[in-house]
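J.: Need a 3D model of the sequence below.
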Amino acid sequence: MAQSTILHNLIRNDLRAITSSCTLPQTRAVKDVLLSVMKQGTAIMQHLGTKVSVRTGKQAERFRRHLENVDLSGVVEKCITKVLPAIEEDTIICYDLSDIAKPTAKKMEGLSRVFDGSERKSTKGYVIHGVSIHNQPMVMELHDSNKYTLNQTRLAIVKRLMKKTGTKGIWVWDRGNDDQKLFSELSEEELRFVVRLTTKRKVIHKQSGMQIGIADFLPGIYQIIIPATNEEYTLAVHQHHEKLQPIRVLTNVDVTEAEEIIETYLVRWDVENLFKQMKRKFNLESIRMLTLNKIKNMLALIQLATSISNRAFEKMQEKETNELTHAFKKYCYHHCLHENRFSFTSFVSTVVPAIPLPKKVASPQLSLLSWRELGKLGVF
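T.: Residues are numbered from 1 along each chain as shown. Purely as a prediction, here's the structure:
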């Protein structure tokens, strides 16, 4: 099987970045969980054993213990932020909400009511705030309903990412974020945005001064006013598919053609695809942990695994044909898969390299020396 220097380097560098403040046992546990998740494609601890000589339950207990005592969410987000390409004026920043449905869970911490999109019904589970930039899962934050509302967490994420993006980029939101308070907050921060509107919203048509329901606007571009705030925006309506209802978006971006801004909105599917990738390729919804901190850390590791896979796929495409490329093409051919980032994530499980860690084991006669001095002597 082909060995991937690209994957090896990405995993090694990212592990070094996220475990810089961890103890050696924690570092080993995080490494084992990350590599096992990428190889096994599951979030179930009992299935992540890496050592045949050790009982599976004992390894799972070790993983759970160390995931409880670390905080990986922030460091994973910083790690992905550092490798992100430059944010340009027209870079699309996609935001969306997803869910982890746990209808039969009773003892898992922090459960709340969520809407299960696949079953089209309300159930118990967790809400995830997701933000993607350049096909990278920049934010995958588990919502803590006991401390914050969805709107509070949403605004906190926007302000946190502004430290990286500034006022550059175009924020794209689905109709679940049709909220006049959000429009005002984004305008105050001088951020450009595109938000899909629900058909229930009513606005004032600036030219006629009439209050009209969104559903009554024909395809085109209109200047409208939100009645509650008296703020002026642009409404774009476009029939992007003959068998579907027109898409209606609100924006403060300069628009000349409705089709152009609708195409910008449709890029939002990237974050939907990232959620799909995490759920189907890494089996995110099968997560079974009792404390919220463990769940957050496992989500962060799956976020990192998704990022590594997508970055490796992009780097492989940039390079000339090599052994890894041939192996990937052969894998897709035998499994009847298209050559895209989803099939590459499945392919990664066959080529995940083993990342050895330095062994901090000193000789008995040198045990009084510091680790730094032992390193200089080449003991480990």
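
J.: hmm, who's touching whichever strand or helix holds residue 65?
T.: In the assignment (DSSP states H and E), residue 65 maps to helix 56-68. Helix 56-68 is contacted by residues 25-26, 29-30, 32-33, 45-46, 48-51, 289, 291, 293-294, 297-298 when judged by CB atoms under 8 Å, 6 or more residues apart in numbering. Every residue, glycine included, has its C-beta placed from N, CA and C.

J.: Quick check: buried residues in that helix?
T.: 59, 60, 62, 63, 64, 66, 67 (16 or more other CB atoms under 10 Å).

J.: elements contacting the lengthiest strand in the chain?
T.: As assigned by DSSP state E, the longest strand anywhere in the chain is strand 121-133. On a contact count with 3 or more CB pairs under 8 Å, 6 or more residues apart in numbering; DSSP states H and E, strand 121-133 meets strand 92-101, strand 112-116, strand 136-142, helix 150-165, helix 269-281.

J.: ok, which stretches of the chain are strands?
T.: 92-101, 112-116, 121-133, 136-142, 170-173, 192-196, 202-205, 211-213, 220-226, 231-238, 247-251.

J.: list the buried ones in the longest one?
T.: In other words, strand 121-133. 123, 124, 125, 126, 127, 128, 129, 130, 131, 132, 133.

J.: And the contacts of stretch 326-338?
T.: For stretch 326-338, contacts defined as CB under 8 Å, 6+ apart pick out 1, 2, 316, 339, 343, 344, 346, 347, 350, 351.

J.: ugh, wrong one, I meant stretch 254-262
T.: 194, 219-221, 234, 236-238, 240, 247, 249, 251, 253.

J.: Can you tell me which of the residues you listed is nearest residue 311?
T.: Set against residue 311, the nearest of these by CB to CB is residue 194 (26.4 Å).

J.: What is the burial count for the spatially closest residue to residue 7 that is not a sequence neighbour?
T.: Once flanking residues are discounted, residue 7 sits nearest to residue 312: 5.1 Å by CB to CB, 6 or more residues apart in numbering. Per other CB atoms under 10 Å, the neighbour tally for residue 312 reads 24.

J.: Check residue 169 too.
T.: Residue 169: 21 surrounding residues under other CB under 10 Å.

J.: hmm, back to that, I figured the residue nearest to residue 7 was touching residue 9, is that so?
T.: No: the pair residue 312 and residue 9 does not pass the contact test of CB atoms under 8 Å, sitting 9.2 Å apart.

J.: still on that earlier bit, the longest strand of the chain pairs with which strands, and in what direction?
T.: According to DSSP bridges, strand 121-133 forms sheet pairs with strand 92-101 (antiparallel), strand 112-116 (antiparallel), strand 136-142 (antiparallel).

J.: Next, find the distance separating the nearest residue to residue 181 once chain neighbours are set aside from residue 314.
T.: Nearest residue to residue 181, sequence neighbours excluded (CB to CB, 6+ apart): residue 151, at 6.9 Å. As defined by CB to CB, to the nearest Å, residue 151 lies at a distance of 34 Å from residue 314.

J.: quick one: which of those two has more around it?
T.: Of the pair residue 151 and residue 314, residue 314 is the one with more neighbours under other CB under 10 Å, namely 16 against 13.

J.: gap between the more buried one and residue 329?
T.: Going from residue 314 to residue 329 by CB to CB gives 16 Å.

J.: Mind listing residues that contact stretch 289-303?
T.: By CB under 8 Å, 6+ apart, stretch 289-303 touches 30, 33-34, 37, 43, 45, 64, 67-68, 70-73, 76-77, 80, 107-110, 126, 128, 137, 140, 142, 144, 278, 282, 284, 287.

J.: try 6 Å
T.: If you take CB atoms under 6 Å, 6 or more residues apart in numbering as the criterion, stretch 289-303 is touched by 33-34, 37, 43, 67-68, 72-73, 76, 107-110, 137, 140, 142, 278, 282, 284, 287.

J.: Please save the CA atoms from it in PDB.
T.: What follows is stretch 289-303, C-alpha atoms only, in PDB (Å, rounded to 0.1, in the frame of the first residue of the first chain):
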ATOM      1  CA  MET A 289     -20.000   9.800  25.900                       C
ATOM      2  CA  LEU A 290     -21.600  10.900  29.100                       C
ATOM      3  CA  THR A 291     -19.900  14.300  29.800                       C
ATOM      4  CA  LEU A 292     -20.100  17.400  27.600                       C
ATOM      5  CA  ASN A 293     -16.300  17.900  27.600                       C
ATOM      6  CA  LYS A 294     -15.600  14.500  26.200                       C
ATOM      7  CA  ILE A 295     -18.200  15.000  23.400                       C
ATOM      8  CA  LYS A 296     -16.700  18.400  22.600                       C
ATOM      9  CA  ASN A 297     -13.200  16.900  22.400                       C
ATOM     10  CA  MET A 298     -14.300  14.000  20.200                       C
ATOM     11  CA  LEU A 299     -16.100  16.500  17.900                       C
ATOM     12  CA  ALA A 300     -12.900  18.600  17.700                       C
ATOM     13  CA  LEU A 301     -10.800  15.500  16.700                       C
ATOM     14  CA  ILE A 302     -13.400  14.600  14.000                       C
ATOM     15  CA  GLN A 303     -13.200  18.200  12.800                       C
END
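
J.: Next, the buried residues of that stretch.
T.: Using 16+ other CB under 10 Å as the test for burial, stretch 289-303 gives 289, 292-303.

J.: mind checking how far the residue nearest to residue 177 when sequence neighbours are not counted is from residue 235?
T.: Spatial nearest neighbour of residue 177, chain neighbours left out: residue 195 (5.9 Å); criterion: CB to CB, 6+ apart. Using CB to CB, one gets 11 Å for the distance from residue 195 to residue 235.

J.: anything in contact with each of these two?
T.: Common neighbours of residue 195 and residue 235, using CB under 6 Å, 6+ apart, are residue 250.
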